[in-house]
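[1] Test case, fold it:
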Amino acid sequence: MLSSFVQSYLHSFCLEDKYPNKGEFLGPSPFGDKWCRPNKLRRIRVKLTNTFPSAEYCFKKLDQDGGGSVDRKEMVIGLFALGVWLHPSESAALMEQLDSDGGGEIELEELKEFWDSYIFDGWK
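    As a prediction, the model looks like this:
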């Protein structure tokens with residue numbers, strides 16, 4: 001367990017991040033775990049777009065049973081085949097992000113939305 005001094009020092013260090021040579025304030029660095037989910041989603045999207053030429057092709061590969069939608073199990077197995085292992089809470093977060101209609105499965109249009117509009121320089 002970290003002492004309260006170490007915790008407060010690390011917190012202030014993260015908030016006072018500067019370019020070492022320019023002396024410019026960068027703004028707060030990520031502190032805590034709020035940066036984890038957006039970063040994980042970004043990494044998954046990059047992995048998908050680097051592996052598949054299009055959202056349609058990706059969807060076809062993930063939809064293992066050909067049912068026209070991708071459930072959580074299909075998504076997890078497909079991502080694992082790409083080298084992306086998700087903790088159960090991470091796979092739930094990904095499904096929550098992708099499943100915009102709340103149906104419990106991802107349709108092609110929902111994957112396209114994630115594929116085309118996910119923000120890289122800011123958080124969605």
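[2] can you tell me how far the closest residue to residue 64 other than its chain neighbours sits from residue 111?
    Leaving aside its sequence neighbours, residue 64 sits nearest to residue 74 (CB to CB, 6 or more residues apart in numbering; 5.2 Å). C-beta: built from backbone N, CA, C; applies to glycine. Using CB to CB, to the nearest Å, one gets 12 Å for the distance from residue 74 to residue 111.
[3] any residues in contact with both of these two?
    Counting by CB atoms under 8 Å, 6 or more residues apart in numbering, the contacts common to residue 74 and residue 111 are residue 62.
[4] which of the two has more neighbours?
    residue 111 (21 against 18; other CB atoms under 10 Å).
[5] Show me what the helix or strand the more buried one falls within is packed against.
    Residue 111 belongs to helix 108-117 when assigned by DSSP states H and E. Using 3 or more CB pairs under 8 Å, 6 or more residues apart in numbering; DSSP states H and E, the elements in contact with helix 108-117 are helix 36-51, helix 55-62, helix 88-98.
[6] these two touch, right, residue 75 and residue 62?
    Yes: if you go by CB atoms under 8 Å, residue 75 and residue 62 touch, sitting 6.2 Å apart.
[7] sorry, back to before: got the contact list for the residue nearest to residue 64?
    So residue 74 contacts 62, 63, 64, 65 (CB under 8 Å, 6+ apart).
[8] From those, list just the buried residues.
    Using 16 or more other CB atoms under 10 Å as the burial test, the contacts of residue 74 include 62, 63 as buried.
[9] What is the nearest of the contacts of residue 74 to residue 93?
    Nearest to residue 93 among the contacts of residue 74 is residue 62, at 17.1 Å by CB to CB.
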